[in-house]
Structures are given as C-alpha cells and as structure tokens.
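1. Just the structure for this:
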Amino acid sequence: MGSASLAQDGLSPRLQIGINLLPAIVAANQSLAATDNSLSLPIYLVFREDRYLAEQLKQRISQVGKIRGRALDVMSISLDELLASAPQRLGVVFIAEPLDRQLPDLVRFAQQQRLLLFSPFAGDVERGVTAGFQVTEKVLPLVNMASLKQSKIQLKAFFLRIAVKHE
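-> Next comes the predicted model:
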C-alpha cells in the first residue's frame, strides 16, 4: 500500500492517510477479538456520488487481506443504499467523500447498528463520526468519545492513549 501508488490513483492526501490508518483503527476494536475469526469483516466504503472513488479505495483496502485474523469483505455502497440496508454488526463504515448535510443521518445509523464510523475529512469527528485523524506535525488518530460510547464500541486502551480525544 505504498504512497506512490496511491498518489498515482489521484486520491487526496486525506484519503490516502485515512485508508492507510483504517486497519489500525479497526484492529483496535476490542469487540472483534470476541467474535468468530471465520466470519468476514464487512467494510463499507460509503459514497454520495462518486462510485469510482469508492472503487479505488476498495482496491487499496482489499490489499490488506485480513485484520485481526478476519478476512475483509469490502463493499463500495452509496449512502442511500447503506441507510436502507441491515448491515452486519461490528462492520466498519469508511466515508469516501464529504457527506455534508447527510452526515448526521449516517452518524445516527452507525450508532444504532454498532458500526465503527471512520472519516478522513476534517471536522467530521467533531460532528459525531466515531474516528478519524488529526494532522499536526504528525498524524494522530482522532476519536469522538461520545459517539464511541453511543455506538457501544470499545477500543483498546493503548489506542486511546495515543489518540486525540474529542469530548
């Protein structure tokens, strides 16, 4: 998953960082350790209009293969399709493009369905997304503690120690 190949795909720097950070954030989800490793791990790449972008991200995250011993089932899906579905529990939602006014609907949905919601876009964690990242002199995970609690997702203590927490 080299940065050079991502840059050739025309992905923004925030998408590049986010897709590279996603496996670490997913691996920090303690609920995965308590589930059957023979079950695949659903990762939903949510887009509003740009399916092609989501497909590019799908290729990148699919290269990871497994997280915490679980094979990945990576799907690009429109926001409307996801909101109308019954996703598998303990799934992960990666926001592939800014959702603007539709973001609160996805935040509520993810919390109700116990989905780990990740966004690479600035300001989304502050708006209720469970996890993202902050760029200063280095890239740090960013976690919305209220959303994490509402979603009933428990992240490993070491991960929370290094993360920037939005209260």
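
2. all strands for the chain, in order.
-> 41-47, 66-67, 70-78, 92-95, 116-118, 131-135, 139-144, 164-166 (DSSP state E).

3. can I get these in TSV with distance to S31, mean neighbour count and mean pLDDT?
-> All C-beta spots, glycine's among them, are computed from the backbone N, C-alpha and C. Formatted as TSV, the strands of the chain follow (distance: least, Cβ to Cβ, whole Å; neighbours: other Cβ atoms under 10 Å; pLDDT from 0 to 100):
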stretch	distance to S31	mean neighbour count	mean pLDDT
strand 41-47	11	23	94
strand 66-67	13	16	88
strand 70-78	12	18	93
strand 92-95	11	26	95
strand 116-118	9	27	94
strand 131-135	14	21	91
strand 139-144	15	20	89
strand 164-166	19	15	86
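
4. where does the protein dip in pLDDT?
-> Low-confidence segments of the chain (pLDDT under 70): 1-9, 33-34, 37.

5. Just the C-alphas of the longest helix anywhere in it, formatted as CSV.
-> For the chain, the helix with the greatest residue count under DSSP state H is helix 13-27. The C-alpha coordinates for helix 13-27 follow below in CSV (Å, rounded to 0.1, in the frame of the first residue of the first chain):
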residue,chain,number,x,y,z
PRO,A,13,-3.8,13.2,0.8
ARG,A,14,-6.5,12.9,3.4
LEU,A,15,-8.0,9.8,1.7
GLN,A,16,-4.5,8.3,1.4
ILE,A,17,-3.8,8.8,5.1
GLY,A,18,-7.3,7.6,6.0
ILE,A,19,-7.1,4.4,4.0
ASN,A,20,-3.7,3.6,5.4
LEU,A,21,-4.8,4.3,9.0
LEU,A,22,-8.1,2.4,8.8
PRO,A,23,-6.6,-1.1,9.5
ALA,A,24,-5.0,0.1,12.8
ILE,A,25,-8.3,1.7,13.9
VAL,A,26,-10.3,-1.4,13.0
ALA,A,27,-7.7,-3.7,14.8
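
6. which parts of stretch 105-124 are buried?
-> 106-107, 109-111, 113-121, 124 (16 or more other Cβ atoms under 10 Å).

7. Out of the residues you listed, which is nearest to L90?
-> Nearest to L90, judged by Cβ to Cβ, of these is R114 at 6.7 Å.

8. got the contact list for the closest one?
-> Shown in contact with R114 (Cβ atoms under 8 Å, 6 or more residues apart in numbering): 31, 89-90, 151-153.
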